[in-house]
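K.L.:
Sequence first, predicted model second:
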Amino acid sequence: MSNRPKIIILFGRSGCGKGTQATRLREEFGFDYLSSGDLLRERAKDNDFSGLKLRKVLKDGELAPSFLMFQIWSAKVEEIKNKNVLEGLIIDGSPRALAEAKLMDDVFEWYEWKDIKVFLIDISEEEAFGRLTKRRVCKDCRRIIPWVDDLKNLKKCDKCGGELETRSDDKPEAIQARLDYYKKDVQPVVDYYEKRGALIRINGEQTIEKVYEDIRKLL
Ligand code: AP5
Ligand code: MG
C-alpha cells in the first residue's frame, strides 16, 4: 500500500456487514474509523431539538437529513485530518444520498486524498432481514456478536463480559423502513459510483472471513 491515506468506503444494505468488516480492518491495519450510524446515535443523546428528533428518526429506521449528517461527519473528518499522520480511514455508512456522495467528493478533493476505494457489500433484502432480527451488540464495548456457532448461546460479551442488547432499530418495522430507504435513496448512490467505474461490488452473502478476504485483496 503506497498511497497515503487509504480511504475505504463501506456501504450497502442494513445488515450487510459494514460494522463487522470495519472491525476486522481496524484490527489488522489500525486505521481511523468513522461510522455515520455511531455519530448519529451519539448526537441523539443530546437533549436539544435535533437530538430529540434524531432519537425518533433512528428508532423508526428513517434516514437523517443530509445537511445534519454532513455537519457532524465533516467536523469529525476535519479532526482526523489534523492528526499528525493519517494512514487510513474507514468510512462506514456514508454516503446514503446522492447529495452526500457529491459533498464527500468535495471533501476528498479539499484534503487531497486520492486513494479512495468504494466497496458495496451486496446482500439481498431477505438476508438483511434475517440477520438484523438476530443481531446482538455488547452494551459496553459495542462488539457485534456474530450469529454463528457457539456465539449464538452467549449470554455476556465474550470480549469484555458486558451485557448484550438489541439495537432499537432492529425491530421488524424499523428494519423494513431501512430496507425501503435503501431502494429510494441509496440505490442512486450505487448508480453514481457505478457510472464512474468506481464501485467495487463484494458478495456479502459469504462467510465473514471470505467477505473480508475479498475486500482485503482489493485494498
Ligand atoms: P447504521 O448504524 O449504519 O445502520 P445500518 O446501515 O442499518 O447498518 P447496520 O449497522 O444495521 O448493519 P451493518 O451493515 O453494520 O452490519 P453488521 O456488521 O452489524 O445506521 C443507523 C441509522 O443511522 C440509519 O438507519 C439511518 O437512520 C442513520 N444514518 C446512518 N448513516 C446515515 C447517512 N449517511 N445519512 C443519513 N442517515 C444515516 O452485521 C449485521 C449482522 O449480520 C450481525 O449480527 C453480524 O454478526 C452478521 N453478519 C455480518 N456479516 C455476516 C456474514 N458475512 N454472514 C453472516 N452474518 C453476518
Ligand atoms: Mg453497522
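P.N.:
Done, it's in. Residues are numbered from 1 along each chain as shown. Ligands and ions are numbered 1, 2, ... in the order given.

K.L.:
and the worst-scoring helix or strand of the chain on mean pLDDT with ligand 1, contact?
P.N.:
Here the helix or strand of the chain ranked lowest by mean pLDDT, DSSP states H and E is strand 144-145, holding a mean of 92. Yes - counting by CB under 6 Å from any ligand atom, ligand 1 is contacted by strand 144-145 at residue 144. C-beta here means a position set from N, CA and C on the backbone, and glycine is covered the same way.

K.L.:
neighbouring strands for that strand, and are they parallel or not?
P.N.:
Here strand 144-145 has these sheet partners by DSSP bridges: strand 136-138 (antiparallel).

K.L.:
Quickly check: the strand it pairs with near ligand 2 or not.
P.N.:
No - shown here: strand 136-138 not in contact with ligand 2 (CB under 5 Å from the ion), separated by at least 9.1 Å.

K.L.:
Could you pull out the buried residues of that strand?
P.N.:
Residues of strand 136-138 classed as buried: 136-138 (neighbour count, 16 or more other CB atoms under 10 Å).

K.L.:
do the same with stretch 156-164
P.N.:
For stretch 156-164, the neighbour count (16+ other CB under 10 Å) marks 157, 162, 164 as buried.

K.L.:
Not counting its neighbours along the chain, what's nearest the residue in the chain positioned nearest to ligand 1?
P.N.:
Nearest residue of the chain to ligand 1 (CB to the nearest ligand atom) works out as residue 37 at 2.0 Å. In this structure, residue 37 finds its nearest non-sequential neighbour in residue 93, 5.1 Å apart by CB to CB, 6 or more residues apart in numbering.

K.L.:
phi, psi of the residue lying closest to residue 31 once chain neighbours are set aside?
P.N.:
Leaving aside its chain neighbours, residue 31 sits nearest to residue 88 (3.5 Å; criterion: CB to CB, 6+ apart). Backbone geometry at residue 88, expressed as degrees, to the nearest 10, gives phi -170, psi 160.

K.L.:
next helix or strand past the longest strand seen in the chain?
P.N.:
If you go by DSSP state E, the chain has its longest strand at strand 115-122. Next along the chain after strand 115-122, taking DSSP states H and E as the criterion, comes helix 125-132.

K.L.:
so how far is that following helix off the chain centroid?
P.N.:
16 Å (CA atoms, centre = their mean, to the nearest Å).

K.L.:
is that helix anywhere near ligand 1?
P.N.:
Yes - using CB under 6 Å from any ligand atom, we find that helix 125-132 touches ligand 1 at 131-132.

K.L.:
For that helix, enumerate the helices and strands it packs against.
P.N.:
Helices and strands touching helix 125-132, by 3 or more CB pairs under 8 Å, 6 or more residues apart in numbering; DSSP states H and E, are helix 172-181.

K.L.:
Thanks again, I'm all set now.
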